[in-house]
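Undergrad: turn this into a model:
(chains A, B, C and D)
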There are 2 protein chains.
Amino acid sequence: MRISELSERSGVSVASIKYYLREGLLHRGERTSPNQARYDESHLHRLRLIGALTDVGGMSVAATRELLAMIDGERRPELQDLMGSTLKRIDAQGGHRPDVEEADLAEADALTRRHGWYVHAGSPLREELARVITAFHRSGFELDRDWLDGYAEAAEQAARRDHDLVSDTDDLDEILKIVVVGTVLGERLLATLRRLAQASEAQRRHGDRRIEPRS
Amino acid sequence: MRISELSERSGVSVASIKYYLREGLLHRGERTSPNQARYDESHLHRLRLIGALTDVGGMSVAATRELLAMIDGERRPELQDLMGSTLKRIDAQGGHRPDVEEADLAEADALTRRHGWYVHAGSPLREELARVITAFHRSGFELDRDWLDGYAEAAEQAARRDHDLVSDTDDLDEILKIVVVGTVLGERLLATLRRLAQASEAQRRHGDRRIEPRS
DNA sequence: TCATTCGGATAGTTACTCTATCCACTATGG
DNA sequence: CCATAGTGGATAGAGTAACTATCCGAATGA
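TA: Reported below is the predicted structural model:
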């Protein structure tokens, strides 16, 4: 098919497709002449994946390109690197990092140790966890230990589910894709479910009571 | 204190503080003369909160303003509205919404029904859940029912923890603040913990095995 | 044939988040 | 009391991200 049909079928504008081609998120079509190319189903799938990662996953185009490059096997990472790399969609362009306090790093380490998690000392995830803890503190919250542990258990449960899914297959390409997409989309899924559960829990505990305007 | 001291103590540049003032995220200082104002601790706290929400929470300035307005009690929302509104940080400016497929809405409803969650038919969360499910499908995944339920249980566990925290107090202002900050920062916390748990689980299941380059 | 469409390059647009400059005025050290 | 550095506020500019529009010459298709 040609670019206009690809555009129609994917719902992505021709201009945007060209943009993704330029940016290297989408592989070029097969050239049939110096200025004519043919696209196929693989391009359609790729566009859908790009849409899922950017729209729902909230990833930047740059971060999406990196992730897709990993899926394509151009740079085969360790699982840890891969998860660290997806952090970049929050960092935006990874420029600034609010300083992490030493005490919060210690709190982060204590948490992971309580749960018996293996965390490399230089892991970006370790820093990120400390940063989130710092953010809580600077917002005026002291973190309850039980609350943190509850969250960690919830995270563990989700992670176990992810790996159960992976265990079904031996195809490395498929595993990688599941991990990548599962990390990004699974995060949105978990966040949305948490909000639903919160709203439902509020209903359950407080019935129809609303938060009233202040007197 | 004057603006330069506020800047030093908060680590936010004077220009940025002025920007937040302009944008209505930060309340004006007490004017002591036509062109002189005094700032206090409340401004410092607010700046820290802004930093937590934007840097760690990844929220836009516009979305942050809305959330802060709710905390300030200018518009007292229901819990559901409030959670829905935080979705906006993904929407960016709420412009485009990828169409949700009917079947995915049904799948979303089935999921919430299985868990006995109360979800209003017009809830933005219901649509968002369907959208995430659509994103999975369009990325080439069929969602395993057990996997989804596992995620839902994890979300429920996290939500219960949040409400345990809220139950400690009767101060509506405090509850609102906990819900808002807890929703945004808690999401980052849960996401980070999930990645840590994933990495750790990978280690546990596969030992030192790496993903090797393709032969 | 001849208007339409194509791929590709380049330039322009919009939105967001700051940052820099300007101004009239104020506080302060000497 | 004066020089100078700092202040609040307004306005304009800068940098980035993610498109979007325009242009071109070649190629397709009725």
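Undergrad: now do the helices in chain A.
TA: Along chain A, the segments classed as helices by DSSP state H run A:3-10, A:14-23, A:41-51, A:61-71, A:79-86, A:88-91, A:102-114, A:124-138, A:145-167, A:172-206.
Undergrad: how far off helix A:172-206 does the third one point, in degrees?
TA: Comparing the axes of helix A:41-51 and helix A:172-206 via axes from the mean of the first three to the mean of the last three CA atoms, to 10 degrees yields an angle of 30 degrees.
Undergrad: how far out from the middle of the chain is helix A:41-51?
TA: Taking CA atoms, centre = their mean, to the nearest Å, one finds the center of helix A:41-51 at 18 Å from the center of the full chain.
Undergrad: got the angle for that helix vs helix A:3-10?
TA: Per the same axes, to 10 degrees, the angle that helix A:41-51 makes with helix A:3-10 is 50 degrees.
Undergrad: find the nearest non-adjacent residue to residue A:30, please.
TA: If the residues on either side of it in the chain are set aside, residue A:30 comes closest to residue A:38, at 4.9 Å by CB to CB, 6 or more residues apart in numbering or on different chains. Every residue, glycine included, has its C-beta placed from N, CA and C.
Undergrad: next, the contact list for the one you found, please.
TA: By CB atoms under 8 Å, 6 or more residues apart in numbering or on different chains, residue A:38 lies in contact with A:1, A:2, A:29, A:30, A:31, A:32.
Undergrad: just the pLDDT for the nearest residue to residue A:14 once chain neighbours are set aside.
TA: Leaving aside its chain neighbours, residue A:14 sits nearest to residue A:7 (4.7 Å; criterion: CB to CB, 6+ apart). Per-residue pLDDT puts residue A:7 at 96.
Undergrad: one more: the one 10 residues further on?
TA: Turning to residue A:17, the model gives it a pLDDT of 97.
Undergrad: which residue is nearest the centroid of chain A?
TA: Centroid-nearest residue in chain A: residue A:184, 2.5 Å away (criterion: CA atoms, centre = their mean).
Undergrad: ok, back up a step: out of the helices of chain A, which comes closest to DNA strand C?
TA: Comparing these by their distance to DNA strand C (CB to the nearest atom of the strand), the top pick is helix A:3-10, with 2.5 Å.
Undergrad: angle of the closest one against helix B:124-138?
TA: An angle of 130 degrees separates the directions of helix A:3-10 and helix B:124-138 when computed by the same axes, to 10 degrees.
Undergrad: I'd like to know which elements helix A:3-10 is packed against.
TA: Helices and strands touching helix A:3-10, as assessed by 3 or more CB pairs under 8 Å, 6 or more residues apart in numbering or on different chains; DSSP states H and E, comprise helix A:14-23, helix A:41-51.
Undergrad: now the ones you listed in CSV, with distance to residue A:168?
TA: Shown next, in CSV, are those (distance: least, CB to CB, whole Å):
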stretch, distance to residue A:168
helix A:14-23, 31
helix A:41-51, 20
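Undergrad: return the most buried member of those helices.
TA: Among the helices and strands packed on helix A:3-10, helix A:41-51 has the highest mean neighbour count (mean count of other CB atoms under 10 Å in any protein chain shown), at a mean of 19.
Undergrad: and that helix, average pLDDT?
TA: Confidence for helix A:41-51, expressed as mean pLDDT, is 95.
Undergrad: so that helix, near DNA strand C or not?
TA: No. In this structure, helix A:41-51 remains apart from DNA strand C according to CB under 7 Å from any atom of the strand; the gap is never smaller than 10.0 Å.
Undergrad: what is the burial count for residue A:28?
TA: Residue A:28 is surrounded by 10 other residues when neighbours are defined as other CB atoms under 10 Å in any protein chain shown.
Undergrad: and of the contacts of residue A:38, the nearest to chain B?
TA: The shortest gap between chain B and any of the contacts of residue A:38 belongs to residue A:1, at 18.2 Å (CB to the nearest CB).
Undergrad: how many neighbours does the closest one have?
TA: What residue A:1 shows, counting by other CB under 10 Å, is a neighbour count of 15.
Undergrad: please apply the same query to the one 5 residues further on.
TA: Look at residue A:6: counted by other CB under 10 Å, it has 21 neighbours.
Undergrad: distance of it from residue B:163?
TA: From residue A:6 across to residue B:163, the span is 48 Å (CB to CB, to the nearest Å).
Undergrad: please apply the same query to residue A:116.
TA: When residue A:116 is compared with residue B:163 (using CB to CB), they lie 27 Å apart.
Undergrad: pick out whichever of the two has more residues nearby.
TA: residue B:163 (19 against 9).
Undergrad: surely that one and residue A:199 touch.
TA: No. Under the criterion of CB atoms under 8 Å, residue B:163 is not in contact with residue A:199, lying 10.7 Å apart.
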